[in-house]
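Chemist: need a structure here:
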Amino acid sequence: MATVSIEDAQSKLAELIHSMAPGEALIITDGSQPVACLTATDAPLPPTPRKPGTLAGTVTYMADDFDAPLDELRDYMP
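Modeler: Residues are numbered from 1 along each chain as shown. The predicted model follows:
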């Protein structure tokens, strides 16, 4: 388990994260006092499920002829 000061963690956070192996922990200290523990995950987090209706009401403009049949498809329409 590695230990790094809060100042070093702030300046090198991306580098520290990319150098960690899955499951490895990194203790962040302020002075000599541990204040946080950063642990690398084994796998990416699962995606959050989509919620139906989340974008309801966000379409602000729709053309007047949106539902009109396309000229290219008139031969195939009953």
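
Chemist: what residues are up against Thr3?
Modeler: For Thr3, the residues meeting the contact criterion (C-beta atoms under 8 Å, 6 or more residues apart in numbering) are 26-29, 34. (Glycine included, C-beta is placed from N, CA and C.)

Chemist: relative to Pro78, which of those residues is nearest.
Modeler: For those, the minimum distance to Pro78 (C-beta to C-beta) is 67.0 Å, reached by Leu26.

Chemist: mind listing what the residue nearest to the spatial centre of the chain touches?
Modeler: With distances taken as C-alpha atoms, centre = their mean, Pro47 lies nearest the centre of the chain, 8.5 Å away. Going by C-beta under 8 Å, 6+ apart, Pro47 touches no other residue.

Chemist: please renumber the chain so that the first residue is 48 from this point on.
Modeler: In the new count, where the first residue is 48, that last one comes out as Pro94.

Chemist: hmm, back to that, are any of the contacts of Thr50 buried, and if so which?
Modeler: By the neighbour-count criterion of 16 or more other C-beta atoms under 10 Å, the contacts of Thr50 include these buried positions: 73, 75-76.

Chemist: the residues you listed into CSV, with extra columns for secondary structure, distance to Val106 and pLDDT?
Modeler: Rendered in CSV, the data for these read as follows (DSSP: H, G, I helix; E, B strand; the rest coil; distance: C-beta to C-beta, whole Å; pLDDT from 0 to 100):
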residue, secondary structure, distance to Val106, pLDDT
Leu73, strand, 45, 94
Ile75, strand, 45, 96
Thr76, strand, 51, 96
